[in-house]
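**Student:** quick one: sequence plus predicted model below, questions after.
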Amino acid sequence: MNTGATFITQMAGSGDGIRLAVKDLIDVAGVPTTAGSRALAATAAAAERDAPCLAGARAAGARIVGKANLNELAYGASGVNEYFGTPVNPLDPGRVPGGSSSGSAVAVAGGEADLAYGSDTGGSIRVPAAFCGITGLKTTHSRIPLAGVWPLAPSMDTIGPMARDVAGVAAGLALLEPGFSVDVTAAAQVGRIRPGGFGVDPVIDAAVDAALARCGVEVIDVELPGWELASRTSDVIIDAEAVASNRVLLADPARRDLLGPRVRASLAEAQAVTPGQLLRARAEQERWRAAMAAAMRETGLLALPTVPFFPPRLDAAIRPGYLALTRAVNLAGLPALALPVPTGRRLPASLQLIGGPNAEALLLATGAMIEAAVGGLAAHTVPGRSSKR
């Protein structure tokens, strides 16, 4: 497998500003946007202007170090890219980095960037954050503008920051949304949900429970039925919108043939979604939003693992389940924070906190409390050693 490509385009720059990696879905003036796809790269011209979400970083003097690699068209969660190469997971080079924001996570985890911007449609910030041992924030849908960003599923697409710790993510959100600050105290209660049917690794489940216990927050078990249906519903909507977003590629046989085989097959399958199926999915989406709101009324935040398993080895990259615990959050349009927690083994687990609409400050305040309780990054990994999970 071709590995090593953290960036699709590296950018030479000077200055003392924050080093920022930008997922190559997001327009950066003077640089082509490829969305990790040869079908786009073959004809992509340099962007005429930055995407609006970069305005805060530019004003603060951030130094963009590169356009970060990703799953092709952001349509995948392993981090594998057949054309541009697969970014190397700094925690274990033999394992996938997670995606689709793979290069963004690897740039931060490997020290090539202080912050990174990723996109999250079904888990694409949180999954690579989990697998690379960093922190990532999926923002409330529509909070950060999506103009100048190559779309996957616009009704679920979000832009968010990734960093080594919660403070870095808070700084990243303040660049995406100038004026943002963590101006609230941490939550006193967290609802613990345990979606069934996804085979969560017991080591990961125990690590999440231990982290919550260590920080002293009151943990209340919350029932939230319908998670599996919500996950399937999100797939229907993402598939239908992905076809519409990439119609220009599908309509041109020459460009369609340049798509990677997995993405081409996924888009072909997605074309089978009928208008009736999409209409039913939209109705289910409204029911799910109401169910999530009801579950959070009791505690304000919900907690569960980010991914049900540790990062697979590269030779087993193509498997189901990457988004099992994340995509239902996108269906509801809610913000979620993924942060590493120790397992007592080489690889960390990742705890996912879900908040209500625009509850990013509460998520970050609570995440910082958990991070302090478990000892931060030093608690879990030492890159470069041969690994046992």
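**Tutor:** Perfect, I can see it now.
**Student:** okay, Ala5 and Gly103: tell me how far apart.
**Tutor:** The gap separating Ala5 from Gly103 is 7 Å, by Cβ to Cβ, to the nearest Å. Glycine gets a C-beta too; all of them are placed from N, C-alpha and C.
**Student:** those two: which is more packed in?
**Tutor:** Gly103 (36 against 19; other Cβ atoms under 10 Å).
**Student:** quick check, distance from the helix or strand hosting the more buried one to the centre of its chain.
**Tutor:** For Gly103, the host element (DSSP states H and E) is helix 102-109. Distance of helix 102-109 from the chain centroid (Cα atoms, centre = their mean, to the nearest Å) equals 11 Å.
**Student:** what mean pLDDT does it have?
**Tutor:** When pLDDT is averaged over helix 102-109, the result is 98.
**Student:** which other helices and strands contact it?
**Tutor:** strand 7-10, strand 19-23, strand 63-68, strand 115-119, helix 126-132, strand 159-163 (3 or more Cβ pairs under 8 Å, 6 or more residues apart in numbering; DSSP states H and E).
**Student:** common neighbours of Ala5 and Gly103, please.
**Tutor:** Common neighbours of Ala5 and Gly103 are listed as Asn69, Pro87 (criterion: Cβ atoms under 8 Å, 6 or more residues apart in numbering).
**Student:** return the set of buried residues in stretch 338-347.
**Tutor:** Ala338, Leu339, Pro340, Val341, Pro342, Thr343, Arg346, Leu347 (16 or more other Cβ atoms under 10 Å).
**Student:** check stretch 272-279 too.
**Tutor:** Using 16+ other Cβ under 10 Å as the test for burial, stretch 272-279 gives Val273.
**Student:** now stretch 264-271
**Tutor:** For stretch 264-271, the neighbour count (16+ other Cβ under 10 Å) marks Arg264, Ser266, Leu267, Ala270 as buried.
**Student:** the first one - that's part of a helix, no?
**Tutor:** The reference is to Arg264. Yes: judged by DSSP: H, G, I helix; E, B strand; the rest coil, Arg264 forms part of a helix.
**Student:** and it, what does it touch?
**Tutor:** Arg264 makes contact with Arg256 under the criterion Cβ under 8 Å, 6+ apart.
**Student:** where's it relative to Thr140, distance?
**Tutor:** Plainly put, Arg264 is 33 Å away from Thr140 if you go by Cβ to Cβ.
**Student:** quick check: Ala5 touching Gly85?
**Tutor:** Yes: if you go by Cβ atoms under 8 Å, Ala5 and Gly85 touch, sitting 3.2 Å apart.
**Student:** shared neighbours of the two, anything?
**Tutor:** Any residue near both Ala5 and Gly85 by Cβ under 8 Å, 6+ apart counts here, and that gives Asn69.
**Student:** so is Arg282 in a helix, a strand, or just coil?
**Tutor:** Three-state call for Arg282 (three-state DSSP): helix.
**Student:** what's the local residue count around it?
**Tutor:** Arg282 has 14 neighbouring residues, counting by other Cβ under 10 Å.
**Student:** how about Asp205?
**Tutor:** Burial of Asp205, expressed as a neighbour count using other Cβ under 10 Å, amounts to 16.
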